[in-house]
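Peer 1: After the sequence you'll find the predicted model.
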Amino acid sequence: MKLPLLDEQIKSKETTEEFSGYCNKPRINNGQWQNMKNMTNDYYPLLSTRHKRSLQFANVPNTVSITDENENSEDYTAYGCEGVQFVDGSLYVLKKLKNSSNEDEGCVFIKNSEDFISDDFSKASYFDNSDNKRSLVRMGSDICVFPDGIVFESANTEEEAPLTKIDAEKTLDDFLVSTVYKNSSNEYIDICDYSDGFRVDENGVSQYLSDSALWVSRQTYIKISALSSENAFAMFNENDSLIVKTTGAPGMHGDVTGTIFFKKDDVYDNPNSIKIIEKGWEEVNGDVRDYIITNGYVYFEPGNKAYLNASEFEIRQNMFGKYQSEYGILITLKRKTPDIKLACEAQNRIWACSKDGHEIYASALANPYNFYDFSGLATDSYAVSVGTQGEFTACINYLGHPLFFKENAVHIISGSYPSNAGEMDAMSYSVTTVTDFKGVEKGSENSLAIIDNILYYKSSSGIVAYDGTNTAIISDALGKERYKNAVAGAYNNKYFVSMQDSKGESHLFVYDTRLSTWCREDNTSVFQFMNIKNELLYVNSDDEKIYSVSDEDVLNFDDFEKEGLFDWECESGNIGYSYPNNKYISRLQLRLQLQAGARAAVYVQYDSDGNWLRKGEINAKGIKTHLVPIVPVRCDHMKFKLRGRGDMKLISIARILEEGGDGGC
């Protein structure tokens, strides 16, 4: 009798021991994961749960008490984090304010969870209460806030007003303008106080020194004194460049005895610029006068007249007679800030760009208050217009050069200082514009981070790596989802980026620059990342608390709390598409390590039917390695998912394959 012959079933084994992160595509490689939660490649080639995070700062008060200049105290509601800066060991959180009538009142800095520091900061006149994003830029111990144009001097928190608005204006109706020079004792001497001992000629002003019987040339200055205004120039600083404007009776030009401000072209009442060299006060006949000193020079003209020139305007005097505003003239001094959208610090200046997308500005050297100082020096401010279309979307100090991005262009600033007196040289500032460029996407101005001298950011095409010359898209593994509103930070050679998907849901991804792999952590919505003491902290948009991506105590506040056990998950792609000849998976073996107290469950889905079947669970009582055998049903394809809580490391996945035989006689 003949018995039927059965072909021997052919078995084979495939083992994956190298896991390469997240890849949200329809078909992925062995070792990749189509979805994941709270996983990392830090222990590559193993797949592991991410490191524990920690709460660093939670005690931002909801009520802030502010005392005004009359010692009146009022409580305000603090809400909505606007930005955070860490300066000299202190954490400054900028929050919005509402008064007792629930009306917006402006913003307030809160230091280390303490009630605020300044009496004047809550005034609505200081802050634009719109929903525009604010840009906080640190320059030394100062925190600059744009577009509001505020400088918070954190080093002066014991003073009455550590907060200064860049836009400042003072109008004087009772003032004295005089011509002074500095003598050998470094004192300012009013020329009108002498009937001899000085002379004015075509060479300027000279002082006679009796000891040496020589005439010595002296630099002349303009002195503007406020006669009846206490602390008249308190809002200004030395080295400020001010716009000067005079108003008065029509037709009052140089023929009136006294001092008149006017343009060289005789156009009356136009703005002009002066620079404060020195400010101070003096006592005259028992009265205290505030004054400022600005540059000027005298030159002689026939007819017993002389002219004092300062920058682009002149002060005309008949033989230097003192002028005390008896002709109804007002003088207005103003310091202003451009209409700034975004800003960064580079080369000891504040670099900024305009809202209309046309201008780039730099403040004077080491001076965040002055964007209009054009004295012809290397320390001057700087401004340039660009011709590209569209809004500016981001700016950053990259390798010592300010970069200004649009969605399809980048403007690169080269050089070390403005042109000297209008003359360009090899070190003068210049702008290189690159168009048809993968720039920063609008809304992702906080996505820029530098790792190993490579700049990473979110463009409209995806996450970009830029080396100063070329750009490369590195986010193909994130799939076809169009993410937006990215916020990023750098830590341990990794690029952390929180983005929103098309439904508005947030996702926190991590790109390992050494392995070129992605992992997805969770749905954390980040308002701002910041690097403090070599750690990466972030402000959570949902609860406005500050966390660290590690469990280190960075700020040494009482709020510090390490994260406990957290949930995790990793989902494979479909297995079986690549197996020909009716091969199927007869067994699946997972080798993983669980820490004490952790647990893991295994789920399987067959033929993309949408149903996840639970195949078993492990509860660890110690650090052990577990082998999880799974006997799947026969199918065309399948995928599995690991879900658990607590620390886990996936060591390997083994797939036992079988091929069915054809019966025969």
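Peer 2: Noted; the coordinates are in hand. Given the structure is predicted, the values throughout are model-derived calculations rather than measurements.
Peer 1: Going by C-alpha atoms from here, please, whenever you check contacts or count neighbours.
Peer 2: Noted.
Peer 1: got the buried residues for the longest strand belonging to the chain?
Peer 2: Ranked by residue count under DSSP state E, the longest strand found in the chain is strand 73-87. Within strand 73-87, the residues scored as buried using 16 or more other C-alpha atoms under 10 Å are 76-79, 81-87.
Peer 1: Within the sheet, what are the partner strands of it, with directions?
Peer 2: strand 63-67 (antiparallel), strand 90-98 (antiparallel) (DSSP bridges).
Peer 1: Now the longest one: average pLDDT?
Peer 2: Think strand 90-98. Strand 90-98 shows a mean pLDDT of 87.
Peer 1: Let the chain start at 159 from now.
Peer 2: All set: I'll call the first residue 159, so the last point we hit is now strand 248-256.
Peer 1: Okay, buried residues for it please.
Peer 2: Buried-residue list, strand 248-256, by 16+ other C-alpha under 10 Å: 249-256.
Peer 1: what's downstream of it, the next helix or strand?
Peer 2: Downstream of strand 248-256, the first helix or strand assigned by DSSP states H and E is strand 262-269.
Peer 1: could you give the angle of that next one to strand 248-256?
Peer 2: 160 degrees (axes from the mean of the first three to the mean of the last three C-alpha atoms, to 10 degrees).
Peer 1: Note down every partner strand of strand 262-269 and its orientation.
Peer 2: strand 248-256 (antiparallel).
Peer 1: isn't T551 right up against V598?
Peer 2: Yes - judged on C-alpha atoms under 8 Å, T551 makes contact with V598 at a distance of 6.0 Å.
Peer 1: Counting neighbours, go ahead and name the busier of the two.
Peer 2: V598 (31 against 25; other C-alpha atoms under 10 Å).
Peer 1: okay, that one: pLDDT?
Peer 2: 98.
Peer 1: what's it in contact with, if anything?
Peer 2: By C-alpha atoms under 8 Å, 6 or more residues apart in numbering, the contact set of V598 is 551-552, 563-566, 615-618.
Peer 1: Where does pLDDT dip in the stretch 509-658 of the chain?
Peer 2: 578-580 (pLDDT under 70).
Peer 1: Recalculate using a threshold of 90.
Peer 2: Residue ranges of the stretch 509-658 of the chain with pLDDT under 90: 532-536, 577-585.
Peer 1: now the stretch 359-508 of the chain, which segments are flagged as low pLDDT?
Peer 2: If you take pLDDT under 90 as the line, the stretch 359-508 of the chain has these spans: 359-389, 392, 400-433, 439-447, 452-491.
Peer 1: re the thing from before, need the buried residues of strand 248-256 in CSV (columns: distance to E775).
Peer 2: Output for the buried residues of strand 248-256, formatted as CSV (distance: C-alpha to C-alpha, whole Å):
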residue, distance to E775
L249, 45
Y250, 47
V251, 45
L252, 47
K253, 46
K254, 48
L255, 51
K256, 52
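Peer 1: okay but D233 is in contact with L255, surely?
Peer 2: No - counting by C-alpha under 8 Å, D233 does not reach L255; the two are 9.7 Å apart.
Peer 1: buried set for stretch 594-614?
Peer 2: Result for stretch 594-614 [16+ other C-alpha under 10 Å]: buried residues 595-609, 613-614.
Peer 1: ok, now stretch 745-761?
Peer 2: Buried residues in stretch 745-761 (16+ other C-alpha under 10 Å): 745-753, 756-761.
Peer 1: ok, back up a step: among the contacts of V598, who's most crowded?
Peer 2: For the contacts of V598, neighbours tallied by other C-alpha under 10 Å; top is K616, 31 neighbours.
Peer 1: any idea whether that residue is helix, strand or coil?
Peer 2: Following DSSP: H, G, I helix; E, B strand; the rest coil, K616 is assigned to strand.
Peer 1: these two touch, right, it and S602?
Peer 2: Yes - the pair K616 and S602 passes the contact test of C-alpha under 8 Å, sitting 6.3 Å apart.
Peer 1: Identify the contacts common to those two.
Peer 2: A644.
Peer 1: What about M806, how many residues nearby?
Peer 2: Per other C-alpha under 10 Å, the neighbour tally for M806 reads 23.
Peer 1: residues in contact with it?
Peer 2: 206-207, 750-753, 756.
Peer 1: Can you pull the phi/psi pair for the nearest residue to Q753 once chain neighbours are set aside?
Peer 2: Nearest residue to Q753 in three dimensions, chain neighbours excluded: I781, at 4.6 Å (C-alpha to C-alpha, 6 or more residues apart in numbering). Main-chain dihedrals, I781, degrees, to the nearest 10: phi -80, psi 110.
Peer 1: mind checking how far I781 is from M806?
Peer 2: If you measure I781 against M806 using C-alpha to C-alpha, to the nearest Å, the figure is 10 Å.
Peer 1: and I621, what does it touch?
Peer 2: Taking C-alpha under 8 Å, 6+ apart as the test, what I621 contacts is 614-615, 631-633.
Peer 1: repeat for F724
Peer 2: 803-804.
Peer 1: please redo it, this time with the cut-off set to 10 Å
Peer 2: Residues in contact with F724 (C-alpha atoms under 10 Å, 6 or more residues apart in numbering) are 196, 207-208, 210, 756, 802-805.
Peer 1: Just list whatever residues bridge to the nearest residue to E345 once chain neighbours are set aside.
Peer 2: Excluding its sequence neighbours, the residue lying closest to E345 (C-alpha to C-alpha, 6+ apart) is Y339, at 8.0 Å. Residues in a beta bridge with Y339, per DSSP bridges, are I347, T378.
Peer 1: Could you measure from Y339 over to G444?
Peer 2: In terms of C-alpha to C-alpha, Y339 sits 24 Å off from G444.
Peer 1: Neighbour count: those two, which is higher?
Peer 2: Legend: neighbour count by other C-alpha under 10 Å for Y339 and G444, higher for Y339 (22 against 7).
Peer 1: From D348, how far out is that one?
Peer 2: 7 Å.
Peer 1: which residues do the two both contact?
Peer 2: Residues touching both Y339 and D348 (C-alpha under 10 Å, 6+ apart) are 378-381.
Peer 1: Can I get the residues you listed in a markdown table including distance to V303 and neighbour count?
Peer 2: As requested, the shared contacts of Y339 and D348 are arranged in a markdown table below (distance: C-alpha to C-alpha, whole Å; neighbours: other C-alpha atoms under 10 Å):
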| residue | distance to V303 | neighbour count |
| --- | --- | --- |
| T378 | 37 | 24 |
| Y379 | 34 | 24 |
| I380 | 33 | 24 |
| K381 | 32 | 23 |
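Peer 1: Please state the backbone phi and psi of D634?
Peer 2: phi -60, psi -30.
Peer 1: again with E175
Peer 2: phi -120, psi 10.
Peer 1: was I right about it contacting K807?
Peer 2: No - between E175 and K807 there is no contact under C-alpha atoms under 10 Å: 11.7 Å.
Peer 1: Spit out the residues that contact those two alike.
Peer 2: What both E175 and K807 touch, as defined by C-alpha under 10 Å, 6+ apart, is the set 204-205, 749.
Peer 1: which one of those residues is nearest M297?
Peer 2: Nearest to M297 out of the shared contacts of E175 and K807 is L205 (C-alpha to C-alpha; 41.4 Å).
Peer 1: give the contact list for A630.
Peer 2: 596, 614, 620-624.
Peer 1: on that earlier part again, among the buried residues of stretch 745-761, which ones are in helices?
Peer 2: Assignment to helices by DSSP state H places none of the buried residues of stretch 745-761 there.
Peer 1: Need the max-distance pair from those.
Peer 2: Within the buried residues of stretch 745-761, two members stand farthest from each other by C-alpha to C-alpha: R745 and Q753, at 25.6 Å.
Peer 1: Can you name the residues bridging to V684?
Peer 2: N698.
Peer 1: tally of neighbours for S633?
Peer 2: 19.
Peer 1: Is it correct that it is in contact with D670?
Peer 2: No - with contact defined as C-alpha under 10 Å, S633 does not count as touching D670 (11.6 Å).
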